[in-house]
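[1] sequence plus the predicted model coming up.
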Amino acid sequence: MSTMGSTLSDRQAIWAFVLGCLAVTAGVGTHLPMFAMGRQMHYHLAGMPMTSSMVVGMVLIVGGLFVAAYGLLPRNLSAHRTSTADIVVAAPEDAQLGAAHFGLMAILVIALVVDVMKPAALGFAIPGMTSEYGVSKATASLVAFFALVGTVVGSVVWGFLADIYGRKATILLSAVFFVGTAICGAMPSLAWNIGMCFMMGAAAGGMLPVTYALLAEMMPTRHRGWALVLVGGLGAVGGYFAASGASALWQGTFSWRILFLLNLPTGLLLVVLGNFIPESAKFLIARGRIAEAETVMRRFGATARKVTASSQPPRSSRRYLTGFHLWSKLVALSLAALCWGLINFGLLLWLPGDLQEKGYSVTVASTLLAKSALISFPTVFLCAFLYSRWSTKWSLVTMIAITMVGLGLVVHLEVAGRGSPVLPVSLLIVGSNGILAILLPYAAESFPLNVRGRATGWVAACTKAGGVGAQGLAITALVPSMGSAAIAIMLPTTLALALIARFGRETRGTDLRDLDVDSGPFGHGSISRS
């Protein structure tokens with residue numbers, strides 16, 4: 001708690017954050033008796049009345065979230081925001097990696113596993129929800145749709161909050177939100193589940209951007225690319241494995257509800273892990289806590305500087321997204337992002353239900369998918385190695401190609417009508433998670449400074465847009481067969497591969513400032529490297 005106290009020492013009230021956490025946890029606790037009451041009916045709670053204690057619990061959760069958020073809010077907020085605007089924190093190019101860097105990466109991998117596990121669990125929960133609530137697949141798909149919309153909202157909101165609260169405190173607040181969404185596992189109404197899943201998606205949507213921002217400030221420049229790929233890849237594969245493994249182990253006994261109730265212990269785990277995440281040096285400097293900021297930067301070999309008018313390029317030489325090559329690159333990366341969304345939030349979410357329709361039990365189907373995710377783990381290290389040692393551009397092309405092979409094997413499996421889905425799903429998980437792990441770092445390294453944020457943000461939004469489109473099909477009861485869906489996704493995936501191969505830029509070993517020097521299709525004029 002000494003670390004926690006240091007983290008919150010310049011906030012509105014440490015007692016408010018602690019009180020908020022206790023209130024949210026207690027609010028979830030009031031729902032557990034409802035879950036226990038359903039034991040004799042295999043935890044079938046649909047149609048049961050909400051108890052007064054559950055209503056009180058929901059009030060505790062909502063109130064606790066506001067109190068916890070208030071407790072984490074910095075004092076003198078307006079002055080803080082003004083102070084952070086012109087501070088840049090980054091590790092030098094040649095800073096050495098140490099135990100602090102690897103420790104931070106390990107903690108953030110665990111945080112991302114917990115984060116990715118939440119939306120991934122929906123694919124394993126929706127078949128059970130459809131059966132228990134007696135609704136159509138289209139109606140049940142509203143759960144995944146609103147959860148996904150929540151991730152879009154969360155990506156924007158949590159990125160904004162990270163600059164206000166600091167990176168560490170934002171992760172802590174997200175964890176408290178996770179705890180509150182555990183009550184999905186005791187909801188007797190589908191409508192309540194839809195609302196809570198939106199909240200869960202909003203909490204999950206911001207974890208990846210905040211993680212990337214924290215790593216960008218702490219990792220040396222020449223190690224940043226592979227670190228982002230490795231942390232993002234392990235988090236994605238680990239999250240899917242955790243969701244499928246939990247389903248295989250416990251859904252047969254405790255029904256689909258256990259997958260949501262796990263938000264309680266995993267959310268509390270994130271709160272505990274938050275003690276070991278360093279506070280952003282940028283936040284500490286802005287708060288005048290210079291000694292603490294210097295301690296953090298010394299551990300990670302980072303430096304801070306103020307951006308002044310003289311260090312900015314003149315207005316006449318600022319770059320804009322112009323030129324055929326840059327537009328083609330943006331289209332190529334956006335298309336790859338859309339395809340990833342269709343696979344991750346469409347095909348992979350539909351697979352558990354499809355396997356059960358083919359006669360697999362929920363336990364067997366979940367076990368097969370867990371094995372697929374487990375097989376995928378070693379390839380994440382290969383992705384990081386290829387990205388840092390071989391080629392950034394061709395690593396992305398390779399991941400897209402692997403995804404296409406997986407899609408082709410899904411088509412073969414559907415046509416043959418028999419066979420194990422382990423290899424096709426393994427390749428899909430390997431390829432799609434490789435795409436996600438590489439795509440955003442590559443996008444950030446592919447565009448000029450003055451459009452880098454907008455371009456990377458647009459590509460990130462496209463990953464969610466693909467998922468929203470896929471779940472839109474589910475809501476309108478237009479979900480195609482797995483084979484037809486795979487064929488439909490292969491077409492834009494092939495185009496994305498061809499466009500990236502043609503217009504993608506090799507970024508390995510290059511100085512990002514080269515993008516801000518006008519040459520050829522990139523613009524006119526030049527920017528000093530001083």
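    On my side now, so go ahead.
[2] low-confidence ranges in the stretch 251-400 of the chain?
    280, 282-283, 286-288, 301-325 (pLDDT under 70).
[3] please repeat the previous calculation with a cut-off of 90.
    251-257, 259-260, 263, 266-267, 269-396, 398-399 (pLDDT under 90).
[4] quick one: the strands in it?
    303-306 (DSSP state E, counting those that start in this stretch).
[5] show me what contacts residue 59?
    The contact partners of residue 59, by Cβ atoms under 8 Å, 6 or more residues apart in numbering, come to residue 27. In this view, the C-beta of every residue, glycine as well, is placed from N, C-alpha and C.
[6] ok, the closest residue in space to residue 379 that isn't next to it in sequence - contacts?
    In space, and not counting its chain neighbours, residue 379 is closest to residue 430: 4.6 Å by Cβ to Cβ, 6 or more residues apart in numbering. By Cβ under 8 Å, 6+ apart, the contact list for residue 430 reads 375, 376, 379, 399, 402, 406.
[7] buried ones in the helix or strand hosting residue 430?
    Element membership for residue 430, per DSSP states H and E: helix 422-444. Going by neighbour count (16 or more other Cβ atoms under 10 Å), the buried part of helix 422-444 is 422, 424-444.
[8] now the end-to-end length of stretch 384-403.
    Distance between the two ends of stretch 384-403: 17 Å, counting by Cα to Cα, to the nearest Å.
[9] buried ones in it, by neighbour count?
    Those would be 384, 386-388, 391-403, for stretch 384-403 by 16+ other Cβ under 10 Å.
[10] for that stretch, which outside residues touch it?
    Outside of stretch 384-403, the residues within contact range by Cβ under 8 Å, 6+ apart are 223, 225-227, 229-230, 233, 336, 339, 343, 383, 427-428, 430-432, 434-435, 437-439, 441-442, 445, 493, 496-497, 500-501, 504-508.
[11] ok, back up a step: of the contacts of residue 430, closest to residue 481?
    Using Cβ to Cβ, residue 406 comes nearest to residue 481 of the contacts of residue 430, at 16.3 Å.
[12] quick one: pLDDT of the closest one?
    Per-residue pLDDT puts residue 406 at 88.
[13] tell me who's in contact with the closest residue to it other than its chain neighbours.
    In this structure, residue 406 finds its nearest non-sequential neighbour in residue 427, 3.2 Å apart by Cβ to Cβ, 6+ apart. Contacts for residue 427 (Cβ under 8 Å, 6+ apart) come out as 402, 403, 405, 406, 409.
[14] quick one: residue 427 from residue 433, how far?
    11 Å (Cβ to Cβ, to the nearest Å).
[15] then residue 179?
    Distance from residue 179 to residue 433, by Cβ to Cβ: 26 Å.
[16] same question, residue 152
    For residue 152 relative to residue 433 (Cβ to Cβ), the value is 20 Å.
[17] next one: residue 174
    21 Å.
[18] tell me the secondary structure for residue 447?
    For residue 447, the assignment made with DSSP: H, G, I helix; E, B strand; the rest coil gives coil.
[19] number of residues surrounding it?
    25 (other Cβ atoms under 10 Å).
[20] looks like it contacts residue 333 (just checking).
    No: assessed by Cβ atoms under 8 Å, residue 447 is found out of contact with residue 333, at 9.3 Å.
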